[in-house]
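**Student:** let's see this in three dimensions:
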Amino acid sequence: MRSTSLPRAFGYAVLGVWRAVRNEANLRIELALGVLALALAYWLGAPLVPVVLAAGLVLTAELFNSAIEALVDLASPERQELAA
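**Tutor:** Residues are numbered from 1 along each chain as shown. The predicted model follows:
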């Protein structure tokens, strides 16, 4: 197995997230709402760590969801009502 350097691996990860942001409308919406929630928490003087963690969890879940959708599309290119 070929080993990949850590900086190169992080580069691939950043490119993957950037591709998801460009191609997934729901991810862009959730990212905007996360930034809005963070700004509102800052403005209200609320602790930022829980907001960052919650937004990160939502974005991670959306990325997993997008990956699963892509796998389903690869496995079965025709439209499936159960996968919609």
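
**Student:** buried sites along the strand or helix carrying V35?
**Tutor:** V35 belongs to helix 25-44 when assigned by DSSP states H and E. Buried residues in helix 25-44, counted by 16 or more other C-beta atoms under 10 Å: 27, 30-31, 34, 37-38, 41. Every residue, glycine included, has its C-beta placed from N, CA and C.

**Student:** sketch out the low-pLDDT regions of the chain for me.
**Tutor:** 1-2, 82-84 (pLDDT under 70).

**Student:** flag every buried residue along the longest helix along it.
**Tutor:** Longest helix of the chain, by residue count under DSSP state H: helix 48-75. Of all the residues in helix 48-75, those buried under the rule 16+ other C-beta under 10 Å are 51, 55, 58-59, 62-63, 66.

**Student:** by contact count, what packs against it?
**Tutor:** Contact partners of helix 48-75 among helices and strands, from 3 or more C-beta pairs under 8 Å, 6 or more residues apart in numbering; DSSP states H and E: helix 6-23, helix 25-44.

**Student:** was I right to think P47 contacts A41?
**Tutor:** Yes - look at P47 against A41 with C-beta atoms under 8 Å: they come within range, at 7.4 Å.
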